[in-house]
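In: Coordinates for the following, if possible.
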Amino acid sequence: MTDDQLRDLLDNIRKARVGVLGDFCLDVYWFFDAKAGELSLETGLATRPAARQHCELGGAGNVVNNMAAIGCSNIEIFGVIGADPWGREMQRILADRKVRCEGLLVQESEWATHAFVKPHFHDEESNRLDFGNFNRLADATADRLLETLAEALPDLDVVVINEQTACGIHTNEYFRWRLRGLMGDHADKTFIVDSRHFSDAYPGAFLKINDHEAAGLIGREYPRDAMVLRKDALHAAKELFVRAGKPVMVTRGTRGLVLHDEAGLHEIPAIQVIGKVDSVGAGDSLLAGTALALAAGANPEIAAALGNIAAFITVQKLHQTGTASPSEILAVGASPDYIYRPELAEDTRQARYFEGTGFERVTDRVPLRKITHVIFDHDGTISSLREGWERIMEPMMIRAILGPQFESADDSLYHRVVNRVRDYIDKSTGIQTLIQMQTLVKMVHEFGCVAEGEILDEHGYKKIFNDDLMKLVRGRVETFQRGELNVEDFTIKNAVALLGALHESGARLYLASGTDQRDLIDEATALGYADLFEQRIFGAACDVTKDAKRIVLDRILKKIGPDAPGLVSFGDGPVEIRETHKRGGFAIGVASDELRRFGINEAKRSRLIRAGADMIISDFSQLDKLLDLLNVKQ
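Out: Here you go, the predicted model:
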């Protein structure tokens with residue numbers, strides 16, 4: 001998809017007509033505050049005063065909620081509720097979403113609305129109270145429900161069949177038999193099934209299933225906490241497609257998803273998330289986005305890609321069952337930051353190398369015949385002047401978050417902060433410092449150790465970090481200028497020689513970094529290679545909307561065309577690798593050890609492969625072989 005195609009798809013979704021048949025549930029949150037408690041005159045027991053409560057749609061209701069949020073205005077639902085307050089509350093919420101509820105039937109006896117009441121004391125969730133665990137669907141209700149669906153089917157583009165509870169409508173074997181018959185009578189209609197307990201009960205449908213369940217259906221059982229191998233996920237998708245002749249989508253959590261349809265096998269990677277995640281409801285978002293795209297006329301691969309984006313958005317919404325809006329989907333765009341080859345990234349045993357070299361061949365792409373434009377990241381790719389920036393940012397962030405509690409914080413709080421900071425620094429390597437500081441501001445608010453009026457903005461925190469970092473950098477430059485150390489002591493092995501060889505070959509060199517523009521120029525000049533870039537040096541401009549690496553790539557592509565012939569990038573961070581990959585250039589990941597300035601950094605290797613690198617090198621020590629591989633005459 002292009003961005004315009006994504007926008008058109010979202011426009012078509014507004015006009016699509018979808019039906020959702022399933023187990024409609026209600027999540028009920030009760031928040032108690034003992035401060036208002038008293039002893040009951042009747043029992044003598046302490047009361048539990050409820051300070052507030054709210055209800056959210058769950059189960060099939062959350063799928064509907066996601067559909068409405070994405071923009072669909074024609075949603076019909078088919079399910080069963082009880083004659084109880086929870087059912088009436090569910091109807092009220094659905095009416096607010098402007099959902100057609102004629103197919104939401106009330107069974108007067110032996111049925112309670114599925115409700116999960118979650119009491120919270122001091123913001124900690126206590127034992128849940130469940131309603132609906134003893135439901136029995138009457139055959140007469142099953143008949144009415146499916147007759148209502150049959151009447152609506154001619155006007156529906158897609159029907160979602162959702163099953164999530166052990167005592168829901170699908171537990172009734174008669175209901176499943178009748179639904180299979182209805183689907184068979186309308187084989188031209190698109191049904192998409194998402195079922196926890198009856199995944200193989202409805203063979204005439206597009207199947208959404210997780211990798212553990214899919215492996216089980218082909219006889220490959222995995223322990224609950226074990227990772228399903230990629231080869232088994234691929235095999236399961238193919239086998240289940242062959243059995244039913246309908247598309248199969250196998251979800252793999254943080255490893256993306258596998259889709260098999262008439263066009264063959266497709267792998268859709270997960271999208272990189274920087275920061276905390278909350279996976280509750282992600283599967284419903286994926287299902288909703290996929291179903292709506294199918295209803296709008298998209299093919300299964302495009303539909304799954306849209307569902308993937310919707311799930312990516314919702315997992316970042318903490319402490320809620322999130323949804324994705326059209327504006328949020330458009331902000332992600334048609335080309336998100338995907339995570340590539342996670343299995344290879346995590347297992348060096350799978351590495352392949354170009355013959356006679358230490359260069360890891362990640363993809364089957366061949367290096368370019370003629371290099372015309374080369375983009376270099378600076379820190380960690382060429383220069384090691386800023387080596388150790390993480391060791392400066394980590395304590396700075398920890399102190400900022402804990403504020404006045406830095407000395408007094410107990411071990412639990414202190415280590416929670418440390419782990420959050422380390423995880424974020426690891427994931428955000430390569431992005432602008434100002435964006436990192438924006439996240440720091442959010443973390444300071446989240447932990448609540450600093451008074452609101454004393455929290456700085458991103459510019460304030462960046463100044464603290466930059467002042468500390470520049471003391472380190474200036475000290476290193478001074479030792480170089482005094483002649484105590486030389487340029488090789490502050491650059492990755494053979495980096496300057498590579499720059500000279502590429503410049504001599506006629507390639508245009510670009511330096512693009514998240515470091516501030518002024519500091520970047522000063523450091524490249526101090527180390528003696530700024531002139532090789534012929535003023536094509538681009539650093540951060542203290543504006544998060546202007547990412548230097550993206551700007552450089554966009555400028556280059558405007559000159560040389562969208563297919564990026566002759567474009568190569570070298571970088572030790574995921575941003576430049578990811579942006580080059582998106583634009584069709586050849587991305588060389590430099591998994592450098594900045595302390596030794598030679599040898600491989602395994603953590604960088606993993607990040608760079610995930611970002612889409614075509615090749616991984618540790619440094620430029622095998623310079624002649626690297627230039628030969630890149631077809632650069634020496």
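
In: distance between stretch 273-283 and the chain's centre?
Out: Using Cα atoms, centre = their mean, to the nearest Å, the mean C-alpha position of stretch 273-283 is found 7 Å from that of the whole chain.

In: From start to finish, how long is that stretch in a straight line?
Out: Across its full length, stretch 273-283 reaches 16 Å between end residues, using Cα to Cα, to the nearest Å.

In: got it, and stretch 155-166?
Out: Across stretch 155-166, first to last residue, Cα to Cα, it's 31 Å.

In: Over to stretch 25-41?
Out: Using Cα to Cα, the gap from the first to the last residue of stretch 25-41 comes to 36 Å.

In: List the buried residues of it.
Out: Counting neighbours by 16 or more other Cβ atoms under 10 Å, one finds that the buried residues in stretch 25-41 are 25-28, 30-32. Using the backbone N, CA and C atoms, a C-beta is placed for each residue, glycine as well.

In: quick one: which of the residues you listed is nearest residue 111?
Out: Comparing the buried residues of stretch 25-41 against residue 111 with Cβ to Cβ places residue 25 closest, at 13.1 Å.

In: What is the strand or helix carrying that closest one packed up against?
Out: Element membership for residue 25 (DSSP states H and E) is strand 24-32. In terms of contacts (3 or more Cβ pairs under 8 Å, 6 or more residues apart in numbering; DSSP states H and E), strand 24-32 is packed against strand 50-59, helix 60-70, strand 75-82, helix 85-96, strand 114-121.

In: and with 10 Å instead?
Out: Counting by 3 or more Cβ pairs under 10 Å, 6 or more residues apart in numbering; DSSP states H and E, the packing neighbours recorded for strand 24-32 are strand 50-59, helix 60-70, strand 75-82, helix 85-96, strand 114-121, strand 129-131.

In: and the ones you listed as CSV, adding mean pLDDT and distance to residue 515?
Out: As requested, these are exported to CSV (pLDDT from 0 to 100; distance: least, Cβ to Cβ, whole Å):
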stretch, mean pLDDT, distance to residue 515
strand 50-59, 91, 44
helix 60-70, 96, 39
strand 75-82, 97, 49
helix 85-96, 95, 49
strand 114-121, 92, 45
strand 129-131, 95, 55
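
In: of the ones you listed, which approaches residue 359 most closely?
Out: Distances from residue 359 to each of the helices and strands packed on strand 24-32 were compared using Cβ to Cβ; the minimum, 43.9 Å, belongs to helix 60-70.

In: now the strands for the stretch 401-550 of the chain?
Out: Taking DSSP state E, counting those that start in this stretch as the test, the strands found in the stretch 401-550 of the chain are 508-516, 537-540.

In: partner strands of the last one, parallel or antiparallel?
Out: Applying DSSP bridges, strand 537-540 is found paired with strand 508-516 (parallel).

In: Rounded mean pLDDT for stretch 210-220, please.
Out: Averaging pLDDT along stretch 210-220 yields 93.

In: Please list the residues outside it that contact it.
Out: Contacts with stretch 210-220, where a contact means Cβ atoms under 10 Å, 6 or more residues apart in numbering, come from 194-197, 199-200, 207, 209, 221-230, 232-233, 235-240, 243, 248-253, 255, 257-258, 283.

In: List the buried residues for stretch 77-92?
Out: Neighbour-count burial for stretch 77-92, with 16+ other Cβ under 10 Å as criterion, is recorded at 77-82, 84, 86-87, 89-91.

In: no wait, stretch 616-626
Out: In stretch 616-626, counting by 16+ other Cβ under 10 Å, buried: 616-620, 622-623, 626.

In: Filter the residues you listed down to the ones in strands?
Out: For these, the ones inside strands are 616-617, with DSSP state E as the criterion.

In: Enumerate every residue touching residue 240.
Out: Counted by Cβ under 10 Å, 6+ apart, residue 240 has contacts 199-200, 203, 207, 209, 214, 217-218, 246-250, 260.
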